[in-house]
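# Let me see the structure of the following:
(one chain, ligands or ions: 1)
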Amino acid sequence: MPVQETDDKVIVTFPNDDTTSVTVLKYGATVISWKVAGEEKLWVSEGAHLDGSKPVRGGIPLVFPIFGKLKDESHATGALPQHGFARNSTWEFLGQVGEKLPSVQFGLGPENIDPELYKKWGGGKYDFTLIFTVTLHDDALKTDIEVENTGNEAFDFNWLFHTYYKIPDITDVLVNNLTDEKCFDQLLAEEYIEKSPVVQFHEEFDRIYKSVRNDKYIQIIDKGKVLMTLERVNLPDAVVWNPWIKKSEGMADFLPKLGYHNMLCIEPGHVSDFVNLKAGDKWSGSQICETHHDIKQQSNIY
Ligand SMILES: O=P(O)(O)OC[C@H]1O[C@H](O)[C@H](O)[C@@H](O)[C@@H]1O
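Okay, the predicted model is just below:
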């Protein structure tokens, strides 16, 4: 069976190869596993709550309509909790939409959100539909989001795929193609131009790379070998995050405590400013995570 639905999740396997699969929890429409030829590509904490009591620590949580926590209480998203409500609402499974490349869809609207939480977004005056599509390739995973404003008022939102990759060891990996990009360092609260020829990790890391051209690949390279190549469609920003020792100690659901060695978040999104969606309009964005690729070194000079 290429698509199997249980009470709380949907499991999709590749035709004639059940070692390649993706599992999506209905809670948050969170991808909690993606295996290629039996090898897990995503990191999920051993302490993650998968019972709908808390956003999942790992996999691909979906961030909407706010990234982080806005300090400006007067903005319509100002009262929302960190990363909004998409990751902690139960989405509707809409069914299978592709066969050769198995594809499934999930939907979220105001009726699926805890009313108290929904009210925190502009007092509950916005009407919207989110359609999340997950497509399994033999060596890649594509996730698409479409946001439709089905109400009468324009609204502002952020979108982000908060993807946690599983890696052998953070101290051995580097990320390329971010040189000369503008970034906002969330730890220093400073904006500057990334000057490192490659991004490496030896302490807590939390940067929003802004307006990175979508024809740029972002690659995770482990000791000279490409682990993952990321392509983005209509997602200008990329957050790169590793909590390192102290921050992971402070997260009760982050286990084992040394787990930061084995994870790296690269999160494509539209977060450095808001998308303003007029009544009746649609917006969409995609991330494509590919496991096979040569090193693609790209600069900002072209
Ligand atoms: O703990 P969470 O709410 O899941 O957020 C986890 C992380 O998300 C993003 O990567 C942010 O850039 C980080 O600042 C934040 O710590």
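
# which residues of this structure score low on pLDDT?
Along the chain, segments meeting pLDDT under 70 span 1, 301-302.

# Determine the longest helix present in it.
helix 244-249 (DSSP state H).

# Let me know the next secondary structure element after it.
strand 263-277 (DSSP states H and E).

# Quickly run through the sheet partners of the following helix or strand past that following strand, with directions.
Going down the chain from strand 263-277, the next helix or strand is strand 282-290, by DSSP H and E. Counting by DSSP bridges, the strands paired with strand 282-290 are strand 140-149 (antiparallel), strand 225-233 (antiparallel).

# Can you name the residue of the stretch 151-300 of the chain nearest the ligand?
Proximity of the stretch 151-300 of the chain to the ligand (CB to the nearest ligand atom) peaks at Trp241, 3.5 Å away. Where C-beta positions appear, they are placed from N, C-alpha and C, glycine not excepted.

# and that residue, how far is that from Thr77?
Counting by CB to CB, to the nearest Å, the separation of Trp241 from Thr77 is 20 Å.

# buried ones in the longest helix of the chain?
Trp244, Lys247, Ser248 (16 or more other CB atoms under 10 Å).

# can you count the residues close to the closest residue in space to the first one that isn't next to it in sequence?
It stands for Trp244. Residue nearest to Trp244 in three dimensions, not counting chain neighbours: Glu204, with 4.0 Å by CB to CB, 6 or more residues apart in numbering. Residue neighbour count, defined by other CB atoms under 10 Å, stands at 16 for Glu204.

# list the contacts for Glu204?
Neighbour list for Glu204: Leu187, Asn242, Pro243, Trp244, Ile245, Lys246, Lys247 [criterion: CB atoms under 8 Å, 6 or more residues apart in numbering].

# Can you tell me which residues in the stretch 201-302 of the chain are near the ligand?
Asp206, Val239, Trp241, Cys265, Glu267 (CB under 6 Å from any ligand atom).

# Surely the second one and His270 touch.
Okay, so that is Val239. No. Using CB atoms under 8 Å, Val239 is not in contact with His270, being 11.2 Å away.

# So for the two, which residue has more residues nearby?
Counted by other CB under 10 Å, Val239 and His270 do not tie: Val239 has more neighbours, with 25 against 20.

# The more buried one is in what secondary structure piece?
strand 237-242.

# which outside residues touch that strand?
67, 160, 162, 170, 175, 178, 199, 201, 204-212, 218, 230, 232, 260, 263-272.

# got it, and stretch 214-229?
41, 165, 167-168, 172-178, 198, 212, 230-236, 238, 264, 266, 289-296, 298.

# Mind checking which of the residues you listed are buried?
41, 165, 167, 173-178, 212, 230-232, 235-236, 238, 264, 266, 289-291, 293.
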